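S.K.: coordinates for the following, if possible.
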Amino acid sequence: MLQLPTCVHVFLGLGLLFLGTGCSMTSGASESPVPVVLAIHGGAGTLLREDMTPDKEAAYRAALEEALRAGHAVITKGGSAMDAVTATIRPMEESALFNAGKGAVLTHDERCELDASVMDGGTGLAGAVAGVSTVRSPILAARAVMDHSEHVMLSGAGAEAFATDQGLEIVPNSFFQTDRRREQLRQSIADEKHGTVGCVALDAAGHLAAGTSTGGMTNKRWGRIGDSPVVGAGVWAEDETCAISSTGWGEFFIRGAVAHDVAARMRYGGESLWDASRAVILGTLTDKGGTGGLIALDREGNVSAPFNTAGMYRGWIDAAGNVTIHIFR
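M.R.: Just a heads-up that it's a prediction; the model follows:
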């Protein structure tokens, strides 16, 4: 694993939190610099301190740490970045706290329709599923599409048939539904489009990977698909630049090819992870009226988490197992 200098630069303005190039994840001068190996988000949106009770905040922090440690265990045992991504996202899909898997928001027809994607930075391969309603783990279905088919994206009944053929667990749609989401549908709380989960990882071989999973937006109709399963919008990974997972108003992320745009700025413009991610989220996305954020990780273990909303559930873990979690700006 690459070792970084000991200087630390932390930027907190305008909803950004970034450990920049040449930074370390140290807590004391005697420790060796340790790069970040895994970062996650649990959605960006209207997350206000005054609405967050101590118990609720503790629950979110515990869920985020559980996910981080699940992926970290894979990395520290020599596992691949892709294996770490799926291992990290699975607990968040199983938690009713997030808008992915169990606890996903409801459509206009009072169903859960789930989307997910993965991308491997070493091979350039990707897989995605869209509009599935009975696959217990959409992220595993997306991984199966990448690993066991010649395709990139499968949708609806076809994706579910493929998942069944692959031996993935199938559940009734009621498994994903919760009273909290039913109440949000009744109140038409459309801002719940912000609740996607995602992960980016760097393994010991220097390979990057990314994954994203979501239930989409509350009260969606007509088979609406957001950015989460769209390669280049909701997910991107390439070893030469970075791994990205997006969260926010999907239509804007699709139009702007947000995840790919960050990588392209790094590849063709020579921008740092900090500059590229900041320019895309606080510049391009914001200027067009889009809201949301992303997590990004580069090959040196630098992590960036810009967002233009009131908050974003986010966290990362370094190779030594030190966890950092933030919710608000």
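
S.K.: tell me where the stretch 201-329 of the chain has strands.
M.R.: Assignment of strands within the stretch 201-329 of the chain using DSSP state E, counting those that start in this stretch yields the ranges 208-214, 235-237, 242-248, 292-298, 303-304, 311-318, 323-328.

S.K.: nearest to Ala126, of those?
M.R.: strand 235-237 (7.2 Å; C-beta to C-beta). To be clear about C-beta, it is placed using only N, CA and C from the backbone, and glycine gets the same treatment.

S.K.: and the closest one, what does it pack against?
M.R.: If you count contacts as 3 or more C-beta pairs under 8 Å, 6 or more residues apart in numbering; DSSP states H and E, strand 235-237 packs onto strand 114-120, strand 208-214, strand 242-248, helix 258-269.

S.K.: quick check: angle from the longest helix belonging to the chain to strand 311-318?
M.R.: Taking DSSP state H as the criterion, the chain has its longest helix at helix 54-76. Orientation note: helix 54-76 sits at an angle of 40 degrees relative to strand 311-318 (axes from the mean of the first three to the mean of the last three C-alpha atoms, to 10 degrees).

S.K.: can you mark which positions in helix 54-76 are buried?
M.R.: 60-61, 63-65, 67-72, 74-75 (16 or more other C-beta atoms under 10 Å).

S.K.: tell me how the protein divides into domains.
M.R.: Recorded structural domains for the chain (assignment: automatic domain parsing) are 54-231, 242-310.

S.K.: just these: most buried one?
M.R.: Highest mean neighbour count among those (mean count of other C-beta atoms under 10 Å): domain 242-310, with a mean of 23.

S.K.: how long is stretch 103-121 end to end?
M.R.: End-to-end distance for stretch 103-121: 30 Å, by C-alpha to C-alpha, to the nearest Å.

S.K.: sorry, wrong one. I was asking about stretch 94-102.
M.R.: 5 Å.

S.K.: same check, this time on stretch 316-329
M.R.: In terms of C-alpha to C-alpha, the two terminal residues of stretch 316-329 are separated by 16 Å.

S.K.: and it, what's its mean pLDDT?
M.R.: What stretch 316-329 shows for mean pLDDT is 93.

S.K.: so the residue lying closest to Gly101 once chain neighbours are set aside, which of the three states?
M.R.: Closest residue to Gly101 apart from its sequence neighbours, by C-beta to C-beta, 6 or more residues apart in numbering: Glu93 at 3.0 Å. For Glu93, the assignment made with DSSP: H, G, I helix; E, B strand; the rest coil gives helix.

S.K.: brilliant, that's me finished.
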